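*Asks:* let's see this in three dimensions:
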Amino acid sequence: MKYKDWTLGQVEAVFNKLGGDEGVRGFLSDRQILKPISCWLPWTTVNIGTNSQSSLLERLEKNGVKFGYCLQKLLKDDYKLPIAVPTSINLVKVSGMDLGFAEGVYRDEIYNRAKKIGLELCPPEVGFHLPLQCGKERIGSSSNPVIVSSVMIISDSRGTPHLIVIWHSGSDFWIEALPDDPHNPFSERDTRTSWIFLLPRK
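*Replies:* Presented below is the predicted three-dimensional model:
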């Protein structure tokens with residue numbers, strides 16, 4: 001062994017830092033990259049729990065926010081959006097590349113890496129507040145939308161999970177619920193796609 005001063009315990013610690021056996025194999029195959037992570041600063045702060053589902057959807061419609069086809073279908077199927085108690089939360093926006101991935105990545109991989117560096121999943125209603133509390137210049141376009149991580153993945157009547165995705169197309173804000181089947185290779189996300197996570201208060 002080239003590095004004779006290393007103990008098995010230290011080698012195991014390096015494996016753990018890289019995400020275990022899977023993380024090390026990903027690093028060696030260039031599927032994952034190491035990137036220094038500085039102290040996360042809030043990307044934006046939003047207030048949640050301030051509206052019921054009906055009043056929140058009404059505010060979005062009055063402000064000209066468009067609902068995509070899948071989201072409209074879910075809402076027609078009486079989807080119930082969990083509403084948190086009124087609170088103010090800090091959010092961060094990161095890409096797969098920011099989290100150390102060198103190529104396409106699945107939702108579970110993004111979630112697991114974000115949790116390991118101290119980020120948390122957002123309350124489900126966050127995606128519906130962002131168009132009301134964030135300027136268009138801070139939200140991605142249709143070619144590079146923002147995906148909102150959530151503690152509760154929206155499911156349709158068939159049980160198919162969906163992710164809330166936000167973008168703007170010139171003058172309009174859009175919210176959509178995109179199917180996210182972890183067993184479908186087409187659910188792989190581009191590493192440039194931005195994800196929104198909750199930044200815990202210290």
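*Asks:* if I look at the closest residue in space to Phe67 that isn't next to it in sequence, how far off is Leu71?
*Replies:* Counting by C-beta to C-beta, 6 or more residues apart in numbering, Phe67 lies nearest to Ile175, which is 5.8 Å off, once chain neighbours are set aside. All C-beta atoms are positioned from the backbone trio N, CA, C, and that covers glycine. Ile175 sits 6 Å away from Leu71, taking C-beta to C-beta, to the nearest Å as the criterion.
*Asks:* what do these two both touch?
*Replies:* Between them, Ile175 and Leu71 have Ile164 as joint contacts when contacts are counted by C-beta atoms under 8 Å, 6 or more residues apart in numbering.
*Asks:* buried sites along the helix or strand that the residue nearest to Phe67 is a member of?
*Replies:* Using DSSP states H and E, Ile175 sits in strand 172-179. For strand 172-179, the neighbour count (16 or more other C-beta atoms under 10 Å) marks Phe173, Trp174, Ile175, Glu176, Ala177, Leu178 as buried.
*Asks:* how far away is the residue nearest in space to the middle of the chain from Phe173?
*Replies:* Nearest to the mean C-alpha position of the chain, counting by C-alpha atoms, centre = their mean, stands Ser149 at 3.1 Å. Using C-beta to C-beta, one gets 19 Å for the distance from Ser149 to Phe173.
*Asks:* with adjacent residues omitted, what lies nearest to Glu118?
*Replies:* Not quite, residue 118 is Gly, not Glu. Spatial nearest neighbour of Gly118, chain neighbours left out: Pro200 (6.8 Å); criterion: C-beta to C-beta, 6+ apart.
*Asks:* and the one you found, how many neighbours?
*Replies:* 11 (other C-beta atoms under 10 Å).
*Asks:* equivalent analysis for Glu137, please.
*Replies:* Burial of Glu137, expressed as a neighbour count using other C-beta under 10 Å, amounts to 6.
*Asks:* any idea how far it is from Pro42?
*Replies:* 17 Å.
*Asks:* now swap in Leu130 and tell me
*Replies:* Per C-beta to C-beta, Leu130 is found 14 Å from Pro42.
*Asks:* kindly report the same for Glu125.
*Replies:* Following C-beta to C-beta, the distance that separates Glu125 from Pro42 is 18 Å.
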